[in-house]
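> Can you look at this prediction? I've put the sequence above it.
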Amino acid sequence: MVATTRAERQQRSRGAIWRGGHRDGARHRGPLAFLAVASVVGHSVDGQSEAIGPAASNAARALESRPASSWGVEGPALCHGYADVLQSTSSPQAASAVTGMFSVRHRFGFQYATHENATDDPGVLNGACGTALALADCSAIPAPAVPDKWDALLLLS
């Protein structure tokens, strides 16, 4: 990942434009989280710190450059859904996709949707709680200061 980020930076300096193309645009989030945590605990390689920010920005731009319908997500959920994209990128497109799935007819406002069915789930990863937390973060609802943001459990903050 460090080498890839260096190559992308060199292409940009020569005038080339980075173009995303991953199905979900967030393919590198796991390795990015790994690199960030490794760096925090003192394990790093040359160029690691400089690679993390640009690689995360590139993944976010890859998503935002395409219509939400092409992201390959499953419903509004925080796990593999539009709320995941929203929490990762703060994309207005993702916020619109999430809020568009709200319905007072659903027991918790949002349903966890898969290709097979939709269920009412109050949970964090697949349910309305995680979706609501992502929306609250995006809308900048005032909250008391805390040592760590809630999304630290997802390695996002």
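Perfect, I can see it now. Just so it is clear, the structure is predicted and the values come from calculations on it, not from any experiment. Numbering: from 1, shown residues only.

> Please tell me how far stretch 51-71 is from the chain's geometric centre.
The chain centroid and the centroid of stretch 51-71 are separated by 9 Å under Cα atoms, centre = their mean, to the nearest Å.

> got the buried residues for that stretch?
For stretch 51-71, burial by neighbour count (16 or more other Cβ atoms under 10 Å) applies to 51-52, 54-56, 58-60, 62-64, 68, 71. C-beta here means a position set from N, CA and C on the backbone, and glycine is covered the same way.

> Identify the residue nearest T99 in space, chain neighbours excluded?
Nearest residue to T99, sequence neighbours excluded (Cβ to Cβ, 6 or more residues apart in numbering): L135, at 7.1 Å.

> Just say helix, strand or coil for the one you found.
helix (DSSP: H, G, I helix; E, B strand; the rest coil).

> measure it to P147 for me?
For L135, the distance to P147 (Cβ to Cβ, to the nearest Å) stands at 23 Å.

> more crowded one of these two?
L135 (20 against 5; other Cβ atoms under 10 Å).

> Name the helix or strand for the residue nearest the centre of the chain, please.
For the chain, the residue nearest the mean C-alpha position is S88 (2.5 Å; Cα atoms, centre = their mean). Here S88 sits within helix 82-89, counting by DSSP states H and E.

> That helix packs against which elements?
helix 48-64, helix 92-99, helix 128-138 (3 or more Cβ pairs under 8 Å, 6 or more residues apart in numbering; DSSP states H and E).
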